[in-house]
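Chemist: Only the shape, not the letters, is given here:
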């Protein structure tokens, strides 16, 4: 069963994904880079060879346009249309219709800010301050990803195990196999009730903030870390609990790591109770949190 859409997985971390790039987009960016190099490296030998092999370009198009072109160069020519570079144009007849007059007025507005100079013309990649093409800027523009709330971004922190960070990301977008999520996807389950308390429906919000077993774990964590009591009414509240726990930035990052590890241990204890006849008790979860937190703290000290 696929829990997260591939388009969401391949989004950048800043825009709520895992930062796994699409191979198709990477290929298009590399092809577009060759198109850019053909335009800018006018005196290079490889450009002359390509021009000799594929013939001269048409007047309105500055690429060799041999109709029988095949292979890599044909793909590069196709990618050229995605680089955002406009083709030069000129009038072939007088303007007659009102529609054409309106289009000319619109074009005049667009070109109003342009200025000419005595220097030689050159190509400039407007997506980079340097004016030089880069595959990263091409991929960013081609992916067209809308910004998201920072809370939906995968949490950072080099000393936090990657499995915990990815798990928290999946929980936040409700993409873990809770009993309620399985039932919504027409998967047969013995019961939709929580594996710990067995009273209410096992949803993301209940499992990590409403279950009495997990609430007892949050109370213990507050006492153990010597911070203000941690309260949450939804999983989003869990994600934000560290912000009010301390005024010190470093302390908040550590508490955030403890919360991430605790959520991972809660989920692990839940699975052990269902599939391995585990107890699923508060003491079992606390013991797992202590052991994993000790490992995390040890790694942090070494770093």
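Modeler: Sure thing, it's come through. Worth saying up front: this structure is predicted, and the values here are computed from it rather than measured. Numbering: from 1, shown residues only.
Chemist: Which residues outside the strand or helix carrying residue 7 are in contact with it?
Modeler: In the assignment (DSSP states H and E), residue 7 maps to helix 6-9. For helix 6-9, the surrounding residues in contact (Cβ atoms under 8 Å, 6 or more residues apart in numbering) are 16, 17, 18, 20, 173. C-beta coordinates here come from the backbone N, C-alpha and C atoms, glycine included.
Chemist: thinking the first one is in contact with residue 153, fair?
Modeler: If I follow you right, that is residue 16. Yes - between residue 16 and residue 153 there is a contact under Cβ atoms under 8 Å: 5.8 Å.
Chemist: out of the two, which sits in the busier spot?
Modeler: residue 16 (21 against 17; other Cβ atoms under 10 Å).
Chemist: Do you know the pLDDT at the more buried one?
Modeler: Looking at residue 16, its pLDDT is 84.
Chemist: Likewise for residue 283?
Modeler: 92.
Chemist: repeat for residue 115
Modeler: pLDDT, residue 115: 66.
Chemist: which parts of the one helix or strand residue 181 maps to are buried?
Modeler: Element membership of residue 181, judged by DSSP H and E, is helix 179-184. Neighbour-count burial for helix 179-184, counted by 16 or more other Cβ atoms under 10 Å, picks out 179, 180, 181, 182.
Chemist: could you say what helices and strands the longest helix along the chain packs with?
Modeler: For the chain, the helix with the greatest residue count under DSSP state H is helix 249-275. Secondary-structure packing of helix 249-275 (3 or more Cβ pairs under 8 Å, 6 or more residues apart in numbering; DSSP states H and E): helix 162-172, helix 212-225, helix 282-302.
Chemist: on contacts alone, who are the packing partners of the first one?
Modeler: Here helix 162-172 touches helix 235-240, helix 249-275, going by 3+ Cβ pairs under 8 Å, 6+ apart.
Chemist: Redo the ones you listed as CSV? Include distance to residue 188, mean neighbour count and mean pLDDT.
Modeler: Shown next, in CSV, are the helices and strands packed on helix 162-172 (distance: least, Cβ to Cβ, whole Å; neighbours: other Cβ atoms under 10 Å; pLDDT from 0 to 100):
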stretch, distance to residue 188, mean neighbour count, mean pLDDT
helix 235-240, 25, 18, 86
helix 249-275, 14, 19, 89
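Chemist: so which of those comes closest to residue 45?
Modeler: Nearest to residue 45 among the helices and strands packed on helix 162-172 is helix 249-275 (53.4 Å), distances taken as Cβ to Cβ.
Chemist: dump the residue contacts of residue 133.
Modeler: Residue 133 neighbours (Cβ under 8 Å, 6+ apart): 32, 33, 36, 37, 40, 83, 125.
Chemist: so what's the fifth one up against?
Modeler: So that's residue 40. 122, 123, 133.
Chemist: For residue 201, give its distance to residue 192.
Modeler: 5 Å (Cβ to Cβ, to the nearest Å).
Chemist: list the residues that contact both of the two?
Modeler: 179, 180.
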